[in-house]
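Asker: Just need the structure, nothing else, for what follows:
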Amino acid sequence: MLVLAVLVAIAIVGALVHRGRQRTTPPAPPKPNPNRVVTIKGPLQGGLLIADRGNDRMLLVDPRRRTLWRFPDARDRARGVHLFFDDDTFVEPGGKAIVTNEEDNQDILSVDIKTHRVTRLFGHPGVKGGGPGELNWPDDAYVLPDGTLTVADAYNCRILFIRRHRIVRQIGQTAVCSHDPPRTLGSVNGDTPLPGGGVLVSEINGSWIDAFTRDGRLRWSFQAPVSYPSDPQPLSGGRILLADYANPGAAVILNRHGRVLWRYGPPSGWGALDHPSLAMMLPNGNIAINDDFNDRVVVVDPRKNRIVWQYGHRGKPGRGPGLLRTPDGMDFIPLGPHEKPLWFRVHHP
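Answerer: Model (predicted):
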């Protein structure tokens with residue numbers, strides 16, 4: 001009996017020890033989510049996709065100015081794949097491709113991010129006009145969530161909506177260039193998508209900014225107090241951010257009556273802008289600006305009204321590391337763990 005009692009006691013103690021060990025063993029750490037957005041400290045909290053127009057390429061750079069993705073790369077060039085003055089670059093819905101308009105080449109392309117396969121969406125390369133399938137300086141091409149392609153056909157004075165290589169709708173009359181929206185428009189250079197399916201348009205002649213509904217009705221229109229309004233972007237509270245494509249140029253935030261709420265535009269010096277084509281608000285409230293003729297992209301802190309980050313060297317065009325030549329478009333790309341570009345998280349607007 002004594003032996004049996006001892007054995008039972010040993011078994012009980014062993015079970016308690018085992019159970020205690022189980023309780024004190026920490027659980028396995030959860031696997032990191034590769035698609036979560038990583039919060040990056042500093043003036044640029046993600047990647048910038050830059051249309052390096054003068055170098056016929058697109059670059060995705062990180063806050064430390066390292067290149068995370070490029071097109072075309074050496075392999076693309078070896079098989080004859082290239083760009084021709086890619087004027088803008090916006091990620092398509094779903095994050096699998098990038099749409100870019102080759103303004104000087106009169107066409108619009110889609111570039112597969114993973115495979116680098118190029119698809120022509122509209123236009124005849126090198127053919128400028130207003131006939132079937134033709135464009136006259138296409139600007140700011142976007143692909144909408146339903147697959148529709150929209151573009152500002154600048155000197156045909158119209159905004160086009162295209163599906164399967166066919167114009168399904170347009171605002172303005174082809175080559176009738178006068179401000180009488182929605183019937184006619186002046187020369188256009190911006191067609192930013194709006195929430196609800198509308199579009200925000202900039203007309204060069206008269207510096208008009210127009211907002212249209214999904215079905216093409218005019219919501220409102222005002223004249224911006226700038227010489228050349230470029231690529232208006234909708235902000236919260238009904239505000240509009242745009243670039244003044246001039247020298248010296250500026251980035252300006254306006255209300256819907258054209259009143260200036262904020263402006264960055266030093267008249268001279270290192271911080272002055274030379275023909276900025278696009279100003280874009282970043283998630284942290286900073287403003288990224290394409291400083292085209294200064295061969296750089298800059299980030300401005302609107303609270304301090306000064307440049308806090310840049311890629312490229314002012315007035316020093318080049319193709320090597322850290323250099324640009326007439327950059328003319330950009331998009332913000334959130335980054336995940338290990339600086340993985342989260343292309344699918346990009347939305348317009």
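Asker: make it CA atoms for all contacts and neighbour counts henceforth
Answerer: Fine.
Asker: Any idea how far apart the tips of stretch 229-244 sit?
Answerer: With C-alpha to C-alpha, to the nearest Å as the measure, stretch 229-244 spans 5 Å from end to end.
Asker: My error: substitute stretch 90-106 in the last question.
Answerer: 17 Å.
Asker: Run the chain-centre distance for that stretch.
Answerer: On the basis of C-alpha atoms, centre = their mean, to the nearest Å, stretch 90-106 sits 10 Å off its chain's mean C-alpha point.
Asker: Which positions within stretch 67-84 qualify as buried?
Answerer: Thr67, Trp69, Arg70, Phe71, Pro72, His82, Leu83, Phe84 (16 or more other C-alpha atoms under 10 Å).
Asker: if I look at Ala251, how far off is Ile333?
Answerer: 21 Å.
Asker: same thing with Arg345?
Answerer: Distance from Arg345 to Ile333, by C-alpha to C-alpha: 8 Å.
Asker: So which of these two has more stuff around it?
Answerer: Legend: neighbour count by other C-alpha atoms under 10 Å for Arg345 and Ile333, higher for Ile333 (25 against 17).
Asker: how about the strands of the stretch 201-349 of the chain, start to end?
Answerer: Secondary structure of the stretch 201-349 of the chain, counting by DSSP state E, counting those that start in this stretch: strands at 208-212, 218-223, 229-234, 240-244, 250-254, 260-264, 276-281, 287-291, 296-301, 306-312, 329-333.
Asker: Any chance you could list what contacts the last one?
Answerer: To tie it back to what came earlier, the one meant is strand 329-333. 46-52, 87-91, 277-278, 282, 290, 341-343, 345-346 (C-alpha atoms under 8 Å, 6 or more residues apart in numbering).
Asker: just the third one next, same as before
Answerer: Where contact means C-alpha under 8 Å, 6+ apart, the residues beyond strand 229-234 that reach it are 140, 189-192, 194, 200-204, 207-209, 240-245, 277-280, 349.
Asker: now that strand: mean pLDDT?
Answerer: Average pLDDT, strand 229-234: 97.
Asker: ok, now stretch 326-341?
Answerer: 97.
Asker: buried sites along that stretch?
Answerer: The neighbour-count check on stretch 326-341 (16+ other C-alpha under 10 Å) flags 326-336, 339-341 as buried.
Asker: would TSV of the residues you listed with distance to Met58 be doable?
Answerer: Output for these, formatted as TSV (distance: C-alpha to C-alpha, whole Å):
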residue	distance to Met58
Thr326	12
Pro327	9
Asp328	10
Gly329	9
Met330	9
Asp331	11
Phe332	13
Ile333	13
Pro334	17
Leu335	17
Gly336	20
Glu339	18
Lys340	17
Pro341	14
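Asker: Just give the nearest non-adjacent residue to Leu48, would you?
Answerer: Phe332 (4.9 Å; C-alpha to C-alpha, 6 or more residues apart in numbering).
Asker: show me what contacts Val297?
Answerer: Ala288, Ile289, Asn290, Asp291, Gln310, Tyr311, Gly312, Pro327.
Asker: how close does the last one get to Asn294?
Answerer: With distances taken as C-alpha to C-alpha, Pro327 is found 9 Å from Asn294.
Asker: if we can go back for a sec, adding distance to Pro182, write the strands of the stretch 201-349 of the chain out as a markdown table.
Answerer: What follows is the strands of the stretch 201-349 of the chain, written out as a markdown table (distance: least, C-alpha to C-alpha, whole Å):
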| stretch | distance to Pro182 |
| --- | --- |
| strand 208-212 | 8 |
| strand 218-223 | 6 |
| strand 229-234 | 18 |
| strand 240-244 | 20 |
| strand 250-254 | 22 |
| strand 260-264 | 25 |
| strand 276-281 | 24 |
| strand 287-291 | 29 |
| strand 296-301 | 34 |
| strand 306-312 | 38 |
| strand 329-333 | 27 |
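Asker: mind listing the strands for the stretch 51-200 of the chain?
Answerer: Using DSSP E, counting those that start in this stretch, strands in the stretch 51-200 of the chain cover 57-61, 67-71, 90-91, 97-102, 107-112, 118-123, 138-143, 149-153, 158-163, 166-171, 188-193, 199-203.
Asker: Of all those, which one is nearest Leu261?
Answerer: Leu261 lies closest, by C-alpha to C-alpha, to one member of the strands of the stretch 51-200 of the chain: strand 199-203, at 18.4 Å.
Asker: Give the pairing partners of the closest one; include direction for each.
Answerer: strand 188-193 (antiparallel), strand 208-212 (antiparallel) (DSSP bridges).
Asker: For those, state which one has the densest average packing.
Answerer: strand 188-193 (a mean of 27; mean count of other C-alpha atoms under 10 Å).
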